[in-house]
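>>> Got a sequence here, can you build the structure:
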Amino acid sequence: MPSPLLASTYRTPIGDLSVLIDPASGNVVCSHFGTVAEAARELGAGWVQMPDARVAAALESWASGDGSALTDIPVYQDGSALQQEIWAAVRAIPSGETATYGEIALEVGGRAQPALLARPARATSPPRSHRVTAW
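Next up, the predicted model:
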């Protein structure tokens, strides 16, 4: 993980969201409801305070009822090829819709047990991951 990461905390209707960004790629590598320090500690990375206009605009749009801009924010976290597919499927859930763990498992070709899908991903934006419901 490159260090230092660019970090900022954004106020949202459901709490303060800290976001850490890899400066080389521009990818969000962690989003966390809590402090930047907690999020950076989770990654074992240093950070500098630097708000990101793309993230701020996407979260503002989401808070106004249009979550589609969140999809435009690039994200990355280490994981297997299957985990990457699962996280991509979760991010592809359209704004205002939900999917079950079982539907996501089918989306990735039935290669994942629905319970595996419940494991959190640091980088998938929480407003997206909250669109996945129980079986």
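>>> State the helix or strand in which Cys30 lies.
Assessed by DSSP states H and E, Cys30 sits inside strand 28-33.
>>> Name the SS class of Gln77, please.
Applying DSSP: H, G, I helix; E, B strand; the rest coil to Gln77 yields a three-state assignment of coil.
>>> ok so, going back, quick one: buried residues of the strand holding Cys30?
Val28, Val29, Cys30, Ser31, His32 (16 or more other CB atoms under 10 Å). In short, each C-beta sits where N, CA and C put it, glycine included.
>>> my guess is the third one meets Arg41, correct?
Looking back up the chat, that one is Cys30. No - using CB atoms under 8 Å as the test, Cys30 is too far from Arg41 to be in contact (10.3 Å).
>>> about what we covered before: take the buried residues of strand 28-33 and write them to a markdown table, including pLDDT and distance to Ala99.
Formatted as a markdown table, the buried residues of strand 28-33 follow (pLDDT from 0 to 100; distance: CB to CB, whole Å):
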| residue | pLDDT | distance to Ala99 |
| --- | --- | --- |
| Val28 | 93 | 21 |
| Val29 | 91 | 24 |
| Cys30 | 89 | 23 |
| Ser31 | 89 | 19 |
| His32 | 87 | 23 |
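>>> Is Leu5 in contact with Leu20, as I believe?
Yes - assessed by CB under 8 Å, Leu5 is found in contact with Leu20 at 4.4 Å.
>>> more crowded one of the two?
Leu20 (26 against 23; other CB atoms under 10 Å).
>>> Which other helices and strands does whichever strand or helix holds the more buried one contact?
According to DSSP H and E, Leu20 maps onto strand 15-21. On a contact count with 3 or more CB pairs under 8 Å, 6 or more residues apart in numbering; DSSP states H and E, strand 15-21 meets strand 5-12, strand 28-33, helix 36-43, helix 53-63.
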